[in-house]
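Visitor: sharing a sequence plus its predicted fold:
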Amino acid sequence: MRIRRQALKFPDDIQKELKRRFKNKHRQWLDESGNPEQPEESAWPLEVTLGIPTENQALKQVEDVRVWVAAWQSWHGVGSISWNDRRWRKLGVQRLPERLVLGGPEEVAQWIGEADRWDRAQRRYRDLIGRWPQLANKLPRYFAILADYSEVDYRRLVDMIAWIEKNPASNLYPRQLPVSGLDGKWLEKRKGLLADLVDAVRGGSSTESDFFQRCGLKAPPQLIRMRILDNGLRQRVGGLGDISAPWEQLIYLDLPVSNVFIVENLQTGLAFDDLPGSIVIMQLGYGVDVLGRLPWVANAQCVYWGDLDTHGFAILNRARSYLPELKSVLMDEETLRSHQDLWVEERDQHGAEALPLLTEIEQAVYQSIKRHAWGQNVRLEQERIAWDVAWKALQQAI
């Protein structure tokens, strides 16, 4: 297989070209390295043309050609150089470097300084598919993990998968697992990876999207953080005003709540002053589905205030599937555009092109942000809005 020819390619040029090719193809090459049967049209050996000039081109850049030839004559590295004798009318016989031939991805990796990463990824890939052949098609997408994990992290990952495979329905909390070195922070960063690999080990048959369900583990209780903003309501729960409790326990709260505010930022919720018959719930993120399980929330007037970005609207859309009458506040075009000097960039936008449970006004703002109508990935965090402005709007909403 030949890479597209360019004139007078020096070793530095070839290195850049191979870096691009490695970036685009390393996952495919890893997959092929674990397959004993090479595909009919193999990429190997890989031939990279070095850009032999015509005689007219050589006459116009004699010194450049001389330096180019000398560079390849003095070159020492992996692969082999194929030379070609050209018989030119004016310049006579010239021996020129024609192409670099590389025998496999390991030689490409050596060329670009990725030999250690490639060797480590390939060794771990073969180790894992030797143990779990069903991972063969899944692992190439995790090349960076195979290549860059420390040996401690790699062994911990393997031990975790192996334990869950043998104990598919342990119903234990993750920290109860007898896996050496397992801790909460390590696991939190790798829940998606573990769920994906465990599912593949089991044949990819799971319909569960939740990490804990897919791995047969017990999820830590989801705590709801809320503040009671009415002294009369506080007296009904022993004077408590700031509560964090599992939603399963909050079901049984006997609170005649009139208004429920739902905000994303913790400090925003902490800033609320007292309001008759009201509470504020904080930091649920996409976990807003628990609100539909609390009868005293479903029976109250509910107001959502989130960040003015695509995920803020996506959370609002999700919450409305459980609280159909949910109102939004400070999530309109006027609020967004009047705070332009406080915008930041949303790192990754929500993927949906449209969110069906938004109002027409909300949908228009969401679509404009998605289209970058006012700038690239515009985002206004709720805490950026002056509190006197926000507090007035919140009171008016009820």
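Guide: Everything's here; your move.

Visitor: what is the burial count for residue 74?
Guide: 8 (other CB atoms under 10 Å). Bear in mind the C-beta positions are built from the backbone N, C-alpha and C, glycine included.

Visitor: I meant residue 307, not that one.
Guide: 21.

Visitor: and for residue 251, the neighbour number?
Guide: For residue 251, using other CB under 10 Å, the count is 13.

Visitor: and the residue nearest to residue 33 when sequence neighbours are not counted, what does it touch?
Guide: Nearest residue to residue 33, sequence neighbours excluded (CB to CB, 6 or more residues apart in numbering): residue 122, at 5.4 Å. Going by CB atoms under 8 Å, 6 or more residues apart in numbering, residue 122 touches 30, 33, 106.

Visitor: quick check, nearest of those residues to residue 67?
Guide: residue 106 (30.0 Å; CB to CB).

Visitor: name the helix or strand for residue 316, please.
Guide: helix 310-320 (DSSP states H and E).

Visitor: the helix or strand following that helix pairs with which strands, parallel or anti?
Guide: In the C-terminal direction, the helix or strand that comes right after helix 310-320 (DSSP H and E) is strand 327-328. Using DSSP bridges, the strands paired with strand 327-328 are strand 301-305 (parallel).

Visitor: circling back to that earlier point, any chance of the contacts of residue 122 in TSV, plus pLDDT and distance to residue 335?
Guide: Listed next are the contacts of residue 122 as TSV, based on pLDDT from 0 to 100; distance: CB to CB, whole Å:
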residue	pLDDT	distance to residue 335
30	93	48
33	78	54
106	95	56
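
Visitor: filter these to the buried ones?
Guide: 30, 33, 106 (16 or more other CB atoms under 10 Å).

Visitor: out of those residues, which comes closest to residue 142?
Guide: Checking those against residue 142 by CB to CB gives residue 30 as the nearest, at 9.6 Å.

Visitor: is it true that residue 83 lies in a strand?
Guide: Yes - using DSSP: H, G, I helix; E, B strand; the rest coil, the assignment for residue 83 is a strand.

Visitor: touching, it and residue 97? I think so.
Guide: Yes - between residue 83 and residue 97 there is a contact at 5.8 Å, judged by CB atoms under 8 Å.

Visitor: who has more neighbours, those two?
Guide: The neighbour count for residue 83 versus residue 97, taken as other CB under 10 Å, is higher for residue 97 (20 against 14).
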